[in-house]
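[1] Have a look at this prediction, sequence included:
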Amino acid sequence: MSLARKRFGQHFLHDRGSIERIVQVVAPQVGERLVEIGPGRGAITAALLAQAGSLDAIEIDRDLAARLREQFAATPGFRLHVADALKFDFASLATARGGPLRVVGNLPYNISTPLIFHLLEQRAAIADLHVMLQKEVVDRMVAAPGSKDYGRLTVMLAPYTEISRLFEIGPGAFTPPPAVWSSVVRLTMLSQPAFATPPAFARLVAAAFSQRRKTLRNGLRGLLDIPDIEACGIDPGCRAETLAPAAFAQLAARCRAESRPDSALDSAVP
């Protein structure tokens, strides 16, 4: 039996009830372009294949990849990519498969946020994501303005995704058990952004949340002057955590800093 490797942040889901619930919420259909990130020992893989008939799996661990090849050798719809999902070209895969992908995965906690942003950069190639993440990360993803969990991650996802927390999974459902609870979450990519994001959007959001206790007049110093903030109908004395996501786009539109386009992966999002 393959042992979990700490450097890959592996926690293998084994609880049958949790696996069935995941497959139920994904509701795969024959002909859909399913992609599983980190199939591990194939527990979810087998259940997804049973319903969809085909699936691309991305696995970085070569020992697990060898096991998966053997396990699904007789399944013609199984296609394995031995690769790092953080560097994987999902857009090219979508082109090869003929349309947007549906992504499923038990994401390693140590790369979950950078991986979400890597997928976000290729959002035109993706229909939706159903992923397991550390509960605290999902708390931040779905947080409302003014709450303690609201922050940079919430705002950066808001223009591009519709997010639904689905259910939680306890540590005992995994081998080895993690020290925290997990949440299963659905991210549906919007066909059109909820609001336009000017070139400085990511940079301004990062500055606004770099020190949560700072007011906008102090946190955005060097990017915007007080009159610029006031021109957006926003009080320079308020804190970033009180603003709705679209307000950051208003502020970014007035940003006079060097206007190199931001990458979604200005994304070592904490």
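    All right, it came through fine.
[2] switch to C-alpha atoms for all contacts and neighbour counts from now on
    Noted.
[3] Ignoring the adjacent residues along the chain, who's closest to residue 161?
    Closest residue to residue 161 apart from its sequence neighbours, by CA to CA, 6 or more residues apart in numbering: residue 189 at 4.6 Å.
[4] List the contacts of residue 62.
    For residue 62, the contact set (CA atoms under 8 Å, 6 or more residues apart in numbering) comprises residue 82.
[5] Could you rerun that using 6 Å?
    Residue 62 makes no contacts at all, as judged by CA atoms under 6 Å, 6 or more residues apart in numbering.
[6] burial of residue 217, as a residue count?
    22 (other CA atoms under 10 Å).
[7] Could you do residue 124 as well?
    Neighbour count of residue 124, defined by other CA under 10 Å: 18.
[8] Likewise for residue 77?
    When neighbours are counted by other CA under 10 Å, residue 77 registers 14.
[9] these two touch, right, it and residue 56?
    No: if you go by CA atoms under 6 Å, residue 77 and residue 56 don't touch, sitting 8.2 Å apart.
[10] Show me the domain layout of this structure.
    The chain breaks down by automatic domain parsing into domains covering 6-189, 195-270.
[11] got a markdown table for these, with mean pLDDT too?
    Below are these laid out as a markdown table (pLDDT from 0 to 100):
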| stretch | mean pLDDT |
| --- | --- |
| domain 6-189 | 94 |
| domain 195-270 | 86 |
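[12] Leaving out the residues flanking it, which one is nearest to residue 225?
    Excluding its sequence neighbours, the residue lying closest to residue 225 (CA to CA, 6+ apart) is residue 217, at 7.2 Å.
[13] Contacts made by the helix or strand containing that neighbour with the rest, please.
    Using DSSP states H and E, residue 217 falls within helix 216-219. Residues external to helix 216-219 that are found in contact with it (CA under 6 Å, 6+ apart): 208, 236, 239.
[14] what are the ranges of the helices in the stretch 101-250 of the chain?
    All helices of the stretch 101-250 of the chain, identified by DSSP state H, counting those that start in this stretch, fall at 112-121, 135-141, 152-157, 201-208, 216-219, 226-231, 245-253.
[15] thinking again about what came up before, now do the contacts for the residue nearest to residue 161.
    Per CA under 6 Å, 6+ apart, neighbours of residue 189: 127, 128, 160, 161.
[16] So which of the residues you listed belong to strands?
    127, 128, 161 (DSSP state E).
[17] Among these, find me the one that's closest to residue 70.
    residue 128 (28.9 Å; CA to CA).
[18] So what sits opposite the closest one in the bridge?
    For residue 128, the beta-bridge partners are residue 102, residue 188 (DSSP bridges).
[19] same thing with the one 5 residues further on?
    The residues paired with residue 133 through beta bridges, assigned by DSSP bridges, are residue 183.
[20] For residue 86, see how far away it is.
    Per CA to CA, to the nearest Å, residue 133 is found 16 Å from residue 86.
[21] of those two, who's got more company?
    Comparing residue 133 with residue 86 by other CA under 10 Å, the one with more neighbours is residue 133, at 22 against 15.
[22] Sounds good, over and out.
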